[in-house]
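Participant: The amino acid sequence is not available; the structure is as follows:
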């Protein structure tokens, strides 16, 4: 009877951690290489904002030095600027201008874009060419006749001349919305008509819900433009300080406190916050609206 020989158990060495680390490092480097352009652009746009914030919390003396990092954080600078200028009133004026102008743009531009994109009527192409021509017309060309018109109505010195035109016509918004609505299949509108919907019902129940990304992008464009507008408020409200917007007040504040860079940067940073917050929350809709706009023409 022969004895069976058995091999002693051999310990299998554990997998070294170094290859796993190499794989994770390699994937990170691949991610960096893939997003290199985006990271570079993000750093380029974020650097001025960080610089403005760091200068805003410096002392008066350090703001004139070449230091990039505050020695002491003076958070009270953001409070003191409200004592130096009625910024809250200017903030209310800017919000009134931007929000009402955006609302008026949506009310006037959505039906016009629907008519140019989904309705067939004689002269539609001519009307679209006129819209494009209005986009190419510099606003300074019509500034004098418009000012004379509003002055004859006694409305200069208020925000009405800035807000009212958006309730009537905005060429860029009509063009952008029209291009987005062209990406929506015509069959949806035809099916709504077969079911007995009027053109208004088809617009409200079919087109508007499907065009939400384009509407969000257009609204964001209008809000940012009016929020940063300087020429319009200077032209119509320059002599009435109570009607100033933040953009106009910011330029005046910098002129009055030219030696106080920390205060000027504090006002600048406070002016940037609403636009940045709005863009962060509407970023997905904005990108989606811009991506689909112009796919079909």
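Facilitator: Perfect, thanks for sending it. Computed from a predicted structure; not experimentally measured.
Participant: alpha carbons only for contacts and neighbour counts from here, please
Facilitator: Noted.
Participant: and residue 278, what helix or strand is that in?
Facilitator: Assigned by DSSP states H and E, residue 278 belongs to helix 261-281.
Participant: where does residue 244 land on pLDDT?
Facilitator: Looking at residue 244, its pLDDT stands at 92.
Participant: Against which helices or strands is the longest helix seen in the chain packed?
Facilitator: Looking across the chain with DSSP state H, the single longest helix is helix 87-118. For helix 87-118, the packing partners by 3 or more Cα pairs under 8 Å, 6 or more residues apart in numbering; DSSP states H and E come out as helix 124-136, helix 160-163, helix 171-181, helix 212-228, helix 246-256.
Participant: so how far is the helix holding residue 278 from its chain's centroid?
Facilitator: 13 Å (Cα atoms, centre = their mean, to the nearest Å).
Participant: what do you get for stretch 107-122?
Facilitator: Per Cα atoms, centre = their mean, the centroid offset for stretch 107-122 relative to its chain is 25 Å.
Participant: avg pLDDT for it?
Facilitator: Here the average pLDDT along stretch 107-122 is 93.
Participant: Which positions in that stretch come out as buried?
Facilitator: 108-118 (16 or more other Cα atoms under 10 Å).
Participant: And the contacts of that stretch?
Facilitator: Stretch 107-122 is contacted from outside by 124-125, 128, 166-170, 173-175, 177-179, 181-182, 186, 189, 203, using Cα atoms under 8 Å, 6 or more residues apart in numbering.
Participant: ok, 6 Å please
Facilitator: For stretch 107-122, contacts defined as Cα atoms under 6 Å, 6 or more residues apart in numbering pick out 167-168, 174, 177-178, 182.
Participant: looking at the helices and strands packed on helix 87-118, which is buried most?
Facilitator: Ranked by mean neighbour count under mean count of other Cα atoms under 10 Å, those are led by helix 171-181, which reaches a mean of 24.
Participant: helices or strands up against that one?
Facilitator: With contacts taken as 3 or more Cα pairs under 6 Å, 6 or more residues apart in numbering; DSSP states H and E, helix 171-181 sits against helix 87-118, helix 124-136.
Participant: Taking their axis directions, the helix or strand that comes right after it and helix 87-118 sit at what angle?
Facilitator: Going down the chain from helix 171-181, the next helix or strand is helix 186-194, by DSSP H and E. Note on geometry: by axes from the mean of the first three to the mean of the last three Cα atoms, to 10 degrees, helix 186-194 and helix 87-118 are set 80 degrees apart in direction.
Participant: Buried residues of helix 186-194, list them for me.
Facilitator: 189, 192.
Participant: do the same with stretch 59-76
Facilitator: For stretch 59-76, using 16+ other Cα under 10 Å, the buried residues are 59-60, 62-63, 74.
Participant: just to revisit the earlier point, and the longest helix of the chain, how far from the chain's centre?
Facilitator: With Cα atoms, centre = their mean, you get 13 Å for helix 87-118.
Participant: Also stretch 170-187?
Facilitator: With Cα atoms, centre = their mean, you get 19 Å for stretch 170-187.
Participant: now it: mean pLDDT?
Facilitator: 92.
Participant: And for stretch 223-235?
Facilitator: Stretch 223-235 comes out at a mean pLDDT of 92.
Participant: Stretch 142-160 now?
Facilitator: 92.
Participant: Name the residues of that stretch that are buried.
Facilitator: So for stretch 142-160, counting by 16+ other Cα under 10 Å, buried means 147, 156-159.
Participant: do stretch 235-247 as well
Facilitator: Applying 16+ other Cα under 10 Å to stretch 235-247 flags 235-238, 243-247 as buried.
Participant: So what touches the helix holding residue 278?
Facilitator: So helix 261-281 is contacted by 52, 55-56, 78, 254 (Cα under 6 Å, 6+ apart).
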